[in-house]
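1. predicted model and sequence follow; I will ask about them next.
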Amino acid sequence: MAKRFSSTIAVGDGSGQWFLGNSGPELDVALRECPPLWPGPDDPTAPIHGILLTDAELDHTLGLLSLRQARELHVYGTATVRMLLSQCAVLPTLESYTVVHWHEARPGERFALHYRDGTPSPIWCEPFDATSGRLPRYARAHYPPGSAPTSGVVVGYRIGDARTDRVAVFLPSVAALDERVLQYLRRAQLVLVDGTFWTDDELHRRRRGSATARSMGHQPVDGVDGSLQLLRRLTGTHIVYTHLNNTNPMLFEDAPERAHLAAAGATVAHDGAEFEL
């Protein structure tokens, strides 16, 4: 089984400039293992120009703190994600070390990613809401029943290149691939999607707890209503599963579950995987 870091991606413009999708806890190690993203001598974020956040979960945001020595950081996320990161002190802590420019990502509104000097890159993003009603664990005590935010807690991103008109989707967490969400995945050449659990009762089967995949905000891969059955209907789209839990049998290359994926035309992400659109 290959080593895997948290679900963080790097999106490049072809000229050596990059934007991150999420910022996992091992980000500093991951950057040092990826030569194109190596920190510069004067700025530890060079050549990274911004970070897109899909949610405020710690496994997607703690890596921001490893970038605290940057002169400035450009972070893209919803107003809800900003609020949650303020409540858990990740954002205030980061702001005590560096200047953080927060760019609000509004679901349904496309925007261009900008370089640090303010000029637009050819890369555009369109966030879409994938909120399940489940907050990060650290935030639940702040909201009485019925008062939790109902939008912007979790988003996916359509990421495109204005020069090629080709699109990738980054969706590492999704509770339900309903028609509202699937419409954003159609006509994408690449979809990096939530593969946290193989079955809904995986934790129970592995004696790791009683919570189901869906109760934790993740649609399982397998089953008649699993994500694989829905995603295999997309045409011309390469499906790549990411964000796998360590109980997921898809992690093993010789597992029958991996063969089942391959038969459906899907694959599992691994550290260092590269996709060109």
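-> Happy to help now that I have it.

2. the nearest residue to Asp59 once chain neighbours are set aside and Thr119, how far apart?
-> Spatial nearest neighbour of Asp59, excluding adjacent residues (CB to CB, 6 or more residues apart in numbering): Ser6 at 5.1 Å. From N, CA and C alone the C-beta is placed, and that goes for glycine too. Remark: distance between Ser6 and Thr119 (CB to CB, to the nearest Å) = 30 Å.

3. quick one, strands of the stretch 1-150 of the chain?
-> 9-12, 18-21, 48-52, 72-77, 99-104, 111-114, 120-129 (DSSP state E, counting those that start in this stretch).

4. now render those strands as a markdown table, adding mean pLDDT.
-> Formatted as a markdown table, these follow (pLDDT from 0 to 100):
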| stretch | mean pLDDT |
| --- | --- |
| strand 9-12 | 96 |
| strand 18-21 | 96 |
| strand 48-52 | 96 |
| strand 72-77 | 97 |
| strand 99-104 | 98 |
| strand 111-114 | 98 |
| strand 120-129 | 98 |
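
5. dump these into a markdown table; add mean neighbour count as well.
-> Shown next, in a markdown table, are the strands of the stretch 1-150 of the chain (neighbours: other CB atoms under 10 Å):
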| stretch | mean neighbour count |
| --- | --- |
| strand 9-12 | 19 |
| strand 18-21 | 24 |
| strand 48-52 | 23 |
| strand 72-77 | 21 |
| strand 99-104 | 15 |
| strand 111-114 | 16 |
| strand 120-129 | 19 |
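
6. can I get the ones you listed in a markdown table with distance to Pro145?
-> Output for the strands of the stretch 1-150 of the chain, formatted as a markdown table (distance: least, CB to CB, whole Å):
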| stretch | distance to Pro145 |
| --- | --- |
| strand 9-12 | 35 |
| strand 18-21 | 32 |
| strand 48-52 | 31 |
| strand 72-77 | 26 |
| strand 99-104 | 28 |
| strand 111-114 | 34 |
| strand 120-129 | 21 |
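
7. of those strands, which is nearest Val169?
-> strand 120-129 (8.8 Å; CB to CB).

8. direction included, what does that closest one pair against?
-> Sheet pairing of strand 120-129 (DSSP bridges) gives strand 111-114 (antiparallel), strand 155-161 (antiparallel).

9. just want the angle from that strand to strand 72-77.
-> Orientation check (axes from the mean of the first three to the mean of the last three CA atoms, to 10 degrees): strand 120-129 against strand 72-77 gives 40 degrees.

10. quick one: strand 120-129 to chain centroid distance?
-> Distance of strand 120-129 from the chain centroid (CA atoms, centre = their mean, to the nearest Å) equals 14 Å.

11. and if you look at stretch 225-245?
-> In terms of CA atoms, centre = their mean, the centre of stretch 225-245 is found 15 Å from the chain centre.

12. neighbouring contacts of it?
-> Outside stretch 225-245, the residues that touch it by CB atoms under 8 Å, 6 or more residues apart in numbering are 4, 6-7, 172-174, 177, 182, 185-197, 202, 219-223, 250-251, 260-261, 264-269, 273, 275.

13. can you do 7 Å?
-> Residues outside stretch 225-245 that contact it (CB atoms under 7 Å, 6 or more residues apart in numbering): 7, 172-173, 177, 182, 185-186, 188-197, 219-222, 250-251, 264-269.

14. I appreciate the help and will end here.
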